[in-house]
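*Asks:* okay, predicted coordinates and the sequence, questions at the end:
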Amino acid sequence: MTTLTMAKAINAGLKQAMTDDDRVVLMGEDIGTLGGVYRVTDGLQREFGQRRVMDTPLAESGILGAAVGLAYRGYRPVCEIQFDGFIYPAFDQIVSQVARMHSRTAGNVRMPITIRVPFGGGIGSAEHHSDSPEAYFAHAAGLRVVAVSTPQDAFTVIRQATASDDPVLYFEPKRRYHVKGEVDTDAALSAATPMDRARVVVPGTDVTLVAYGPMVATACDAAIAASDEGVSIEVVDLRSLSPIDVDTLVASVARTRRLVVAHEAAQSGGLGAEVAALVTERCFDTLAHAPVRVTGFDIPYPVAKLEMQHVPDLDRILDGVDRALGRANSLTGVVA
């Protein structure tokens, strides 16, 4: 075991992927000489050279367009989108080309492209530097969408993504880059939890709390805080946003009979709505209360000074748990 920050774990995962397969190439703005604005790719160009770690122009559509061509030629490109809010110029390439190519060619062409996206708020950045665009891509058939929450997952899933023949949107929570954790860098990839599986992080009996990416740590804090009041929260890290691991969710809700979903992105049309619908369809007779969503507000990410008012915190999640339990909460003010 090695103690690594999440940023260093991604770096180690990319290094291992490039060592294992010389078809893996990295592309992005300032990822080579500088090592990326978050230094996630630091040192990789020195080790693997400019032909495998390529600094690109400031043109996200161009990056993804070039990646499509490379994938056609048998390479496995890993593209970094420097900030989440910069992904929109590449939206057409991703949903119109990358996501559709396998279907368009009747299965004859694969698009083994990994798109790394630092996402979420909490770092006090300017406009376009904090966003949560994951739902746009989870809605696009043909894409796999994942979000990591720990250094171990960051290391493992980036290797799984580069090895996948399907295009993968790999969302990494930028405000967790410097969080440290134990990482087994020697574990066989074949023994790892599959990329499309959710994971029960904290077992519980009273409420299922589903989160992903940067919100998983906050959900675990909520479980600890709630236990002081005798409430047992089961925390589920969704991990895969498309496809969603319905079986793990259903098994958890069958035990707890209540569901709370938390994410930073806006509520309307978000992943919380999809999780709530999937669980309700399969657990309607089991649920003791309607599913509860605790999310960002339906506004663009606010200016830096107000950003943490937008991101769900411990108190808002615990209030959502109170709603699911039918206890006094901010919406009702009384017991439901």
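*Replies:* Structure's in. What do you need?
*Asks:* separation between residue 166 and residue 230?
*Replies:* Distance, residue 166 to residue 230, using CB to CB, to the nearest Å: 44 Å. Quick note: C-beta positions are derived from backbone N, CA and C, even for glycine.
*Asks:* which one of those two has more residues nearby?
*Replies:* Set side by side, residue 166 and residue 230 show more neighbours around residue 166, with 17 against 7, by other CB atoms under 10 Å.
*Asks:* which residues touch the more buried one?
*Replies:* By CB atoms under 8 Å, 6 or more residues apart in numbering, the contact list for residue 166 reads 102, 110-112, 142-144.
*Asks:* show me the residues you listed that map onto strands.
*Replies:* residue 144 (DSSP state E).
*Asks:* what's the closest of the contacts of residue 166 to residue 214?
*Replies:* residue 144 (19.7 Å; CB to CB).
*Asks:* and of the contacts of residue 166, the nearest to residue 11?
*Replies:* residue 112 (20.4 Å).
*Asks:* leaving out sequence neighbours, find the closest residue to the closest one.
*Replies:* Excluding its sequence neighbours, the residue lying closest to residue 112 (CB to CB, 6 or more residues apart in numbering) is residue 76, at 4.6 Å.
*Asks:* that neighbour and residue 24 touch, don't they?
*Replies:* Yes: Residue 76 lies in contact with residue 24 (CB atoms under 8 Å); the separation is 4.8 Å.
*Asks:* need the residues touching each of those two.
*Replies:* With contacts taken as CB under 8 Å, 6+ apart, residue 76 and residue 24 have residue 162 as neighbours in common.
*Asks:* pull the distance from the top strand by length along the chain to the chain's centre.
*Replies:* For the chain, the strand that runs over the most residues, judged by DSSP E, is strand 259-266. The gap between where strand 259-266 is centred and where its chain is centred comes out at 13 Å by CA atoms, centre = their mean, to the nearest Å.
*Asks:* sheet partners, orientation included, of that strand?
*Replies:* Sheet neighbours of strand 259-266, with direction, are listed as strand 207-211 (parallel), strand 292-296 (parallel) (DSSP bridges).
*Asks:* domain parsing for the chain?
*Replies:* Listed domain ranges for the chain are 2-191, 199-324 (source: automatic domain parsing).
*Asks:* looking only at pLDDT, what's the mean for the last one?
*Replies:* Summarised as a single mean, pLDDT over domain 199-324 is 96.
*Asks:* how about the first one?
*Replies:* Confidence for domain 2-191, expressed as mean pLDDT, is 96.
*Asks:* all the helices of the stretch 101-250 of the chain, residue numbers only.
*Replies:* 101-104, 134-138, 151-163, 215-227, 246-256 (DSSP state H, counting those that start in this stretch).
*Asks:* list the buried residues in the shortest one.
*Replies:* For helix 101-104, a neighbour-count test (16 or more other CB atoms under 10 Å) marks 101-102 as buried.
*Asks:* now for it, which elements pack on it?
*Replies:* Packed against helix 101-104, as judged by 3 or more CB pairs under 8 Å, 6 or more residues apart in numbering; DSSP states H and E, are no other helices or strands.
*Asks:* how about the second one?
*Replies:* Helices and strands in packing contact with helix 134-138 are listed as strand 144-147, strand 168-173, strand 240-242, helix 271-283; criterion 3+ CB pairs under 8 Å, 6+ apart.
*Asks:* got those as a markdown table, with mean neighbour count columns?
*Replies:* Below are the helices and strands packed on helix 134-138 laid out as a markdown table (neighbours: other CB atoms under 10 Å):
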| stretch | mean neighbour count |
| --- | --- |
| strand 144-147 | 26 |
| strand 168-173 | 27 |
| strand 240-242 | 23 |
| helix 271-283 | 18 |
